[in-house]
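Q: Show me the folded form of this:
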Amino acid sequence: MTLSHALLPSQSLVTRILMVVGGSFLIALSAQIKVPMIPVPMTLQTLAILFVGLTFGARMGALTVAAYLAEGAAGLPVFAGGATGAALVGPTAGFLFGFVAMAYLAGLAADRGVKGLVPTLLVALAVSALLYMPGVYWLATFIGFEKAVVAGMMPFLVGDAVKAAIAALVVTGGWSFVKSRKS
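A: Just a heads-up that it's a prediction; the model follows:
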């Protein structure tokens, strides 16, 4: 059982549609929030994607991120910095498409019963690290592999670890809330 099922036991079609729309809105909003960090600012986009995956499960998480990508492809300014569909073929496209796998894999762990701070944190760290595979690979087609690692991965490692920890704390807190309601 996922956290969304625990909080919303009735998973009607309308409920699921609202979850996808709400989740894609959360991701879009998070993509616009820049947190100053050195050497580059970070957005909260991957935090929202981890949260969606860990909360909704594999299928709903991936569907939510796919809806987010479709919104951008349709011309809505949902990507970081208000970017639209052009980003889906630009240097960051590997990361954008990798978000679907990120949500799916985080959700798969949730579907299989991963709970608790440490297991959830380990999952969040692992799927965050895996995002670099399509992201850096695609970026390398524009600037070369070495530069892609330096520009597309190294500056983001600490921020992604922090976001993984925040996602794990929030989701674990959600499970604690569910448990306390049953007591």
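
Q: so which helix or strand takes in the residue most central in space within the chain?
A: By CA atoms, centre = their mean, the chain has its centre lying nearest to Ile49, at 1.7 Å. Taking DSSP states H and E as the definition, one finds Ile49 inside helix 45-56.

Q: Quick one: list the elements packing against that helix.
A: helix 3-7, helix 13-31, helix 58-73, helix 93-111, helix 117-130, helix 157-182 (3 or more CB pairs under 8 Å, 6 or more residues apart in numbering; DSSP states H and E). Where you see a C-beta, it was placed from the backbone N, CA and C, and this is true even at glycine.

Q: Which among these is found nearest to Gly82?
A: Between Gly82 and those, the shortest gap by CB to CB is with helix 13-31, which sits at 8.8 Å.

Q: OK, contacts around Ala48?
A: By CB atoms under 8 Å, 6 or more residues apart in numbering, the residues touching Ala48 are Gly23, Leu26, Ile27, Leu29, Ser30, Ala31.

Q: In this structure the second one contacts Gly53, no?
A: Meaning Leu26. No. Look at Leu26 against Gly53 with CB atoms under 8 Å: they stay out of range, at 12.0 Å.

Q: More neighbours: the two, which one.
A: Legend: neighbour count by other CB atoms under 10 Å for Leu26 and Gly53, higher for Gly53 (35 against 19).

Q: pretty sure the more buried one contacts Ala126?
A: No. With contact defined as CB under 8 Å, Gly53 does not reach Ala126; the gap is 11.9 Å.

Q: Count the residues that sit near Tyr68.
A: So Tyr68, with other CB under 10 Å, has 29 neighbours.

Q: Show the contacting residues for the nearest residue to Leu7 once chain neighbours are set aside.
A: Of all residues beyond its chain neighbours, the one nearest Leu7 is Val178 (6.5 Å), with distances taken as CB to CB, 6 or more residues apart in numbering. For Val178, the contact set (CB under 8 Å, 6+ apart) comprises Leu3, Ala6, Leu7.

Q: One more: Thr15?
A: Leu8.

Q: Put the alpha carbons of the helix holding Ile49 into CSV.
A: Extracted C-alpha coordinates of helix 45-56, given in CSV (Å, rounded to 0.1, in the frame of the first residue of the first chain):
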residue,chain,number,x,y,z
GLN,A,45,11.8,19.8,-9.2
THR,A,46,13.4,16.5,-8.2
LEU,A,47,12.2,16.8,-4.7
ALA,A,48,8.6,17.0,-6.0
ILE,A,49,9.2,14.0,-8.3
LEU,A,50,10.6,11.9,-5.5
PHE,A,51,7.7,12.9,-3.3
VAL,A,52,5.2,12.0,-6.1
GLY,A,53,6.9,8.6,-6.8
LEU,A,54,7.2,7.7,-3.1
THR,A,55,3.7,8.7,-2.3
PHE,A,56,1.7,7.6,-5.4
